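1. just to be clear, the model below is a prediction. Sequence and coordinates:
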Amino acid sequence: MQSSGKKSLQQNMDKGEAAKRTTIILEKEEREYIDQLIREGKEAGIKPLISKMLNVYRSMMVYDWHFPGEYYCGISRIAFVNVELLNILIQQIPREKWRDIGRRMGAALKVSMETTLELPAITQDHWADVFKRLKVQGFGDIYPKDKYILAKTPFINEAEVLAGILEGLLNVPLDLKTMVPPLVFEVRRPLASNVEGAALKP
């Protein structure tokens with residue numbers, strides 16, 4: 001590891017590039033906490049930790065941070081919310097309205113995400129970026145597989161609500177195949193027809 005670092009530094013010097021260094025002054029408690037994470041094996045070292053923190057920050061696309069636990073992403077104000085609080089709200093909605101409420105949530109999420117990702121519209125070509133964004137925002141691991149969409153460890157456990165959110169966001173009708181995680185949704189319309197401006201039928 002050390003020899004690799006020296007080699008990289010030498011390569012930069014050979015190219016005439018000056019190695020850039022930044023000094024970060026940490027409070028005693030902050031350094032002790034980082035050292036504890038490293039001792040416990042939760043982090044490999046201080047440099048990988050800071051790199052990971054910057055990657056998370058960049059992935060969240062934080063445009064305006066308001067400590068604690070709130071930031072603006074595109075046009076949306078986002079806060080860290082406990083899943084228990086969300087479940088309490090969901091339980092107050094009649095079950096037969098869950099899919100429709102989810103669609104309305106997905107439609108709102110679609111507008112925010114199109115703005116954040118600078119997309120004119122969310123089509124199948126953009127699903128990878130959309131699912132990555134959902135993961136960063138805590139919705140869980142969601143990914144396509146053939147004509148299905150799989151949701152592992154979803155933040156919203158009520159399958160009908162999540163189905164509605166995905167329908168409103170992706171503008172495709174879904175059939176729910178499982179009621180417990182991992183959730184499986186079948187795309188009823190062929191994926192190729194998921195084009196800009198296509199109407200979602202209930």
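-> That came in fine, so what should we check first? Residues are numbered from 1 along each chain as shown.

2. could you report the pLDDT at residue 7?
-> Looking at residue 7, its pLDDT stands at 54.

3. so where do the strands sit in this structure?
-> For the chain, the strands defined by DSSP state E cover 64-66, 70-73, 76-79, 141-145, 148-152, 174-176, 183-187.

4. residue 148 against residue 184, yeah?
-> Yes. Using Cβ atoms under 8 Å, residue 148 and residue 184 qualify as a contacting pair, with a distance of 5.7 Å. Just so you know, the C-beta spots here come from the backbone N, C-alpha and C atoms, and that holds for glycine as well.

5. overlap in contacts of those two?
-> Contact with both residue 148 and residue 184 is made by residues residue 177, according to Cβ atoms under 8 Å, 6 or more residues apart in numbering.

6. please identify which of the two sits among more neighbours.
-> Taking other Cβ atoms under 10 Å, residue 148 and residue 184 do not tie; residue 184 has more neighbours (17 against 14).

7. ok, the closest residue to the more buried one other than its chain neighbours to residue 43 distance?
-> Sequence neighbours aside, residue 177 is the residue nearest to residue 184 in space, at 4.0 Å (criterion: Cβ to Cβ, 6 or more residues apart in numbering). The spacing between residue 177 and residue 43, counted by Cβ to Cβ, to the nearest Å, is 39 Å.

8. neighbour count: the two, which is higher?
-> Set side by side, residue 177 and residue 43 show more neighbours around residue 43, with 17 against 13, by other Cβ under 10 Å.

9. let me know the pLDDT of residue 181.
-> For residue 181, the model assigns a pLDDT of 88.

10. and for it, the neighbour number?
-> Residue 181: 15 surrounding residues under other Cβ under 10 Å.

11. much appreciated, bye for now.
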